[in-house]
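# Any chance you can model this:
(one chain, ligands or ions: 1)
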Amino acid sequence: MPGGMVEARASEATNGGTEQVDVTVVGAGFAGLYLLHRLRKAGFNAIVLEEADDVGGTWYWNRYPGARCDIQTIDYSYTFDPELESAWRWSEKYATQPEILRYLGFVADRYDLRRDIRFDTKVTAATWDEGPQRWLLTTDNGAKVSCRHYIMATGCLSAPKPPEIDGVKDFKGEIYFTSRWPQKEVKLAGKRVVVIGTGSSAIQAIPLIAEQAAHLTVFQRTPNFALPAHNGPAPADRLALLEGDRAGYREQARWSLGGVPWPQQTVVSWQLSDTDRRERFEKAWAAGDLIYILTQLWADQAVDVDGNALLADLIREKIRSTVNDPETAAALTPHDHPFGAKRPCLDTNYYATYNRPNVTLVNLRQEPIKAITSSGITTDKRSFDVDVIVFATGFDAMTGAIMAVHEITGRGGRSLSDVWAHGPQTYLGLTVAGFPNLFMITGPGSPSVLSNMAVSIEQHADWVVDRLIAMREAGFTAIEATEAAQAGWARHMADCSMLTLHRLANTWYTGANVPGKARGVMPYTGGVGPYRSICNEVVSQGMLGFRLTGPNVPEQCNDGEIVRLQPDVRLVLNMLAEMKLPPLESFGSQGARDFVAQFNAARPAGRPVGEVVDGMLPGTDGPLPYRLYRPATPGPHPIVVYFRGGGWVFGDAQSDDPFCRDMCRRTGMIFVSVGYRHAPEHRFPTATEDGYAAARWIAEHGAELGGDSGPILVAGWSAGGNIAAVTCQLARDRGGPPIAGQLLLSPVTDCTFDRPSYNDNATGYFLTRSLMYWFWDLYCSPADRTDPRVSPLRGKLTGLPPAYVVTCEFDPLRDEGIAYADALAAAGVPVEQLQGRGHFHSSFTMVDVVITGVSGRAQMAEAMRRFAGLPEETGRRHEGVPPDRPREVDAAAS
Ligand code: NAP
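This is a model prediction of the structure:
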């Protein structure tokens, strides 16, 4: 066995009272048990340190009445060994805590794990020792351990949060925490019981406590969404799916978004009638499955506030129809967060419990707790004498289990608590720069709590153990994330968190439940499958972002950022790459048009606007088609003349339809999308002259089209951006029409192909360099290309209308767009730029596909409204970026 594990393997026992091992794992829950099994099989000398006296982790401690898993148990199981799967059969759809604990005990025994688990052993400190490149651990029973690698398998919800209420110590009755429920029976019969909190733990416990207690008073600060679990045997359809193709089912789970194999929905809420939506909802309500209701209703439910509100309203209806007392029902109904942004709960008779005569709800928003006294609880309004207080107040989630447990001191004596003082910084949620050979299982920055933990745990443990094996084979003894990789991961995390609605709620996901804790979405919101592919890519790119060192081998450090694309752009491009399409230009012009039309037909339909009218307008050589989008608001409205993208070769009424609808809704303006003629049938300068003629006609007939008396605006994407820019120059030079502003989205502005973006983004981002060459060849002969009517960057730029110029980082056209914006500014034209970090050429026009394009469109719309002299749209402020960051686009869901 080469390299650094040799000395530890040889150690066997102790060295001056310090046990020497290759790997120490903390925690004997789901993660710790599987790690120990894999480490052993890989030939590592590994131990697990566990504070409790038995295995189980979270499931050891959380033994309150009603504790069950709320991912279906057939999914919430180990999958690494088919024989284990057939050796164990769950008795219920959602197993109880005792059954899950029995399962973990069964696993520990089956693989003979207990002999390497040190129970009743709490680590008190972990310190990286630079010299030997090992971790030194001290424990509360005096034992010391030295290990090469240190793995925190401490769970995400294991450090209980203090109650933060004055007077707890004064209370003379019994106090229990759901998170530390005693092993002995707790007798509640005949007692006056209070439960503080209405999260998942409380919502499971309350119905059972109510059955026992003489009276139960629930103190609720924030209501939560809860759905009936409909527990019973595992549903026959899911079981059949699993048993029909166990390996296939498990593999699908590994690549799914949430770790349970459900298909991705493509139908968006506004494509469904009220009846359809209700039908889907009732089916989900009856299914009693969190992942189902969180993902299977409509595609926009988790990414769009409007799509989400439709679902939240239906759940609110259910609460009102279950709870008899309207005031109690109102208090139990959540309004402060989108459904799913805070962890929803699965319940059995939760809401109906409030119809019992022995149950009272106290709304702490109306009467906050003042103090706990010797005999009970006092609020602003009254006092409650009670015998028992149950704190279901939750956890210092994700970071607490790692930081609060013991001091971890890394390289240079830096403590993890200091490094994370402003929030957790990790690479992949697995490692931390400055803490060599330290790994976290389901740590902050990984999908963890937003996934089926069983699936995430196996992926993490496999990835870590596989890395340790590879290191051993190569002779490396230390692995550490680089600062650059970690910073890149933080950026990617932030980008991902803009995809979902989690950032819009105060929850333990964001640290908001612990006073003084740094805020930010801690779990990775990009999904289990994408996360897995990223971890794999880190390896296939030569351990990108890691520094590997060893005593007898040269250092290896392949530094860099693993994901630079916006997360949804990455998915779109991966999907396109998997399709292995021939180059678009190889189809010929008509073939390319047909292909694009077919491709576009598979997109989500655009959102409804007030009215869509198709018409014809007179062009220079005959009529040109147009499509007009009118807002639902009363007119007259400003008019935007819009030019479609498509390289002067394609682009029809359908192609830019979702974008025009979206911008019509956001700006509150009429969009008239113009069907200018295409190359190669109509070459330069037809497209430009058609565009200009159309703008002129629309300006002259604005009133008939429902426009206001102000000047028109122009907008265009790609080649359409080119036509919009040129139209502004022609309007200035040919006596009008007056134009109030121009929106140029990834415009073609120049015939030079030597700017860096043409090379940097030549292939791989859908719009390729060779496709651009083809477009140019079809539209314009080399002799004409310097004409400002096709290369507006070469035209006169003074006296043009204010411009909003959008460019995308991964686009061949990026640099000529920026050059145009800079040149306009130099010529005295008011210009704003938006540079789409991580975006590609089609990001902003792929409405409801590239969700991270939303905030960019929100900013474009704001600019257009400013140009037209309209007031700011305050209702949509949350979509945009803070005003102090104008030049780079952030993502946000609408
Ligand atoms: P939680 O979701 O954080 O809920 C804590 C509750 O206590 C919240 O209602 C909170 O109100 C309230 N609270 C906290 N401090 C308070 C105070 N000082 N005064 C009044 N109220 C206070 O914790 P949890 O219920 O233990 O659940 C945590 C997570 O564990 C769940 O979200 C879930 O992921 C997991 N879990 C899973 C299962 C399962 O699989 N079946 C079961 C239980 C838990 P605010 O909302 O206003 O902060």
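
# hey, let's count contacts and neighbours off CA atoms from now on
OK.

# what's the pLDDT at whichever residue of the stretch 201-350 of the chain sits closest to the ligand?
For the stretch 201-350 of the chain, the residue closest to the ligand is residue 201, as judged by CA to the nearest ligand atom, at 3.7 Å. Note on residue 201: pLDDT of 97.

# Can you tell me the number of residues neighbouring it?
By other CA atoms under 10 Å, the residues close to residue 201 number 26.

# quick check, it in a strand?
No: counting by DSSP: H, G, I helix; E, B strand; the rest coil, residue 201 falls outside a strand, being helix.

# what's it in contact with, if anything?
64, 67, 178, 392, 394 (CA atoms under 8 Å, 6 or more residues apart in numbering).

# Make TSV out of those residues and add distance to the ligand.
Converted to TSV, the contacts of residue 201 look like this (distance: CA to the nearest ligand atom, whole Å):
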residue	distance to the ligand
64	9
67	6
178	7
392	5
394	3
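
# Pull the most distant pair out of these.
67 and 394 (13.8 Å; CA to CA).

# Show me where this protein dips below the pLDDT cut-off.
1-16, 874-894 (pLDDT under 70).

# Grab the most central residue of it for me.
For the chain, the residue nearest the mean C-alpha position is residue 525 (2.7 Å; CA atoms, centre = their mean).

# Show the backbone phi and psi for that one.
Main-chain torsions, residue 525, degrees, to the nearest 10: phi -100, psi 10.

# Also the one 5 residues further on?
Comment: the main-chain dihedrals of residue 530 come out as phi -60, psi -40, following degrees, to the nearest 10.

# just to revisit the earlier point, the residue nearest to the centre of the chain contacts residue 493, doesn't it?
Yes: counting by CA atoms under 8 Å, residue 493 is a contact partner of residue 525 at 7.4 Å.

# ranges for the strands of the stretch 1-150 of the chain?
14-15, 18-26, 46-49, 117-118, 123-129, 134-139, 144-152 (DSSP state E, counting those that start in this stretch).

# quick one: which of the ones you listed is nearest the ligand?
strand 144-152 (18.5 Å).

# Now do that closest one and strand 123-129, the angle between them.
Interaxial angle of strand 144-152 relative to strand 123-129 (axes from the mean of the first three to the mean of the last three CA atoms, to 10 degrees): 90 degrees.

# Say whether the ligand is contacted by the helix or strand following strand 144-152.
Next along the chain after strand 144-152, taking DSSP states H and E as the criterion, comes strand 174-177. No: on the criterion CA under 6 Å from any ligand atom, strand 174-177 is out of touch with the ligand, staying 9.2 Å away.

# Please compute how far whichever helix or strand comes after strand 174-177 lies from its chain's middle.
For strand 174-177, the following helix or strand on the C-terminal side (DSSP H and E) is strand 192-196. In terms of CA atoms, centre = their mean, to the nearest Å, the centre of strand 192-196 is found 36 Å from the chain centre.

# go on, stretch 581-601?
The answer for stretch 581-601 is 32 Å, by CA atoms, centre = their mean.

# Stretch 721-734 too?
On CA atoms, centre = their mean, the centre of stretch 721-734 falls 41 Å from that of its chain.

# Stretch 866-874 now?
31 Å.

# Next: stretch 383-394.
36 Å.

# Show me which parts of it are buried, residue by residue.
383, 386, 387, 388, 389, 390, 391, 392, 393, 394 (16 or more other CA atoms under 10 Å).

# Return the member of those residues nearest to residue 498.
Closest to residue 498, out of all of those and judged by CA to CA, is residue 394, at 25.4 Å.

# which ones are touching the closest one?
160, 161, 179, 197, 199, 201.

# Between the residues you listed, which sits nearest residue 705?
residue 199 (54.1 Å).

# And for the nearest residue to the closest one once chain neighbours are set aside, the neighbour number?
Excluding its sequence neighbours, the residue lying closest to residue 199 (CA to CA, 6 or more residues apart in numbering) is residue 224, at 6.7 Å. As a burial measure, residue 224 scores 23 neighbours (other CA under 10 Å).

# coming back round to it: so can I have CSV of the strands of the stretch 1-150 of the chain showing distance to residue 292?
Output for the strands of the stretch 1-150 of the chain, formatted as CSV (distance: least, CA to CA, whole Å):
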stretch, distance to residue 292
strand 14-15, 51
strand 18-26, 33
strand 46-49, 35
strand 117-118, 37
strand 123-129, 39
strand 134-139, 43
strand 144-152, 31
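
# okay, the ones you listed in a markdown table with distance to residue 679 and mean neighbour count next?
Shown next, in a markdown table, are the strands of the stretch 1-150 of the chain (distance: least, CA to CA, whole Å; neighbours: other CA atoms under 10 Å):
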| stretch | distance to residue 679 | mean neighbour count |
| --- | --- | --- |
| strand 14-15 | 80 | 12 |
| strand 18-26 | 65 | 25 |
| strand 46-49 | 68 | 24 |
| strand 117-118 | 73 | 22 |
| strand 123-129 | 66 | 20 |
| strand 134-139 | 67 | 22 |
| strand 144-152 | 61 | 24 |
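
# need the strands for the stretch 201-350 of the chain, in chain order.
Under DSSP E, counting those that start in this stretch, the stretch 201-350 of the chain gives strands at 215-220, 226-228, 345-347.

# Over to the stretch 751-894 of the chain?
803-810, 831-840.

# Now residue 625: which helix or strand?
strand 623-630.

# Give me the contacts around that strand.
Contact with strand 623-630 is made by 609-618, 653, 660-661, 664, 669-677, 694, as judged by CA under 8 Å, 6+ apart.

# Then stretch 735-745?
695-696, 699, 711-718, 721-722, 724-725, 728, 730-732, 801-807, 860, 864, 867-868.

# same deal with stretch 163-174?
Contacts of stretch 163-174 (CA under 8 Å, 6+ apart): 369-376, 386-389, 391, 393.

# Buried residues of it, list them for me.
Within stretch 163-174, the residues scored as buried using 16+ other CA under 10 Å are 168, 171.

# State the distance from the nearest residue to residue 117 once chain neighbours are set aside to residue 414.
Of all residues beyond its chain neighbours, the one nearest residue 117 is residue 48 (4.6 Å), with distances taken as CA to CA, 6+ apart. Residue 48 sits 25 Å away from residue 414, going by CA to CA, to the nearest Å.

# what are the ranges of the helices in the stretch 1-150 of the chain?
In the stretch 1-150 of the chain, the helices defined using DSSP state H, counting those that start in this stretch lie at 5-11, 30-41, 58-61, 82-87, 97-110.

# What is the burial count for whatever residue of the stretch 601-750 of the chain ends up closest to the ligand?
Residue of the stretch 601-750 of the chain nearest the ligand, by CA to the nearest ligand atom: residue 604 (32.0 Å). Neighbours of residue 604 under the rule other CA under 10 Å: 18.

# wait, is it part of a strand?
No: applying three-state DSSP, one finds residue 604 to be coil, outside a strand.

# Please list all residues in contact with it.
Here residue 604 is in contact with 266, 267, 268, 847, 848, 849 (CA under 8 Å, 6+ apart).

# what's the neighbour count on the residue lying closest to residue 768 once chain neighbours are set aside?
Leaving aside its sequence neighbours, residue 768 sits nearest to residue 762 (CA to CA, 6+ apart; 5.2 Å). Using other CA under 10 Å, residue 762 is surrounded by 20 other residues.

# what do you get for residue 244?
11.

# And residue 298, by the same measure?
Around residue 298 there are 24 residues (other CA under 10 Å).

# sorry, back to before: buried ones among the contacts of stretch 735-745?
For these, a neighbour count by 16+ other CA under 10 Å gives the buried set as 695-696, 699, 711-718, 721-722, 724-725, 728, 730-732, 801-807, 860, 864, 867-868.
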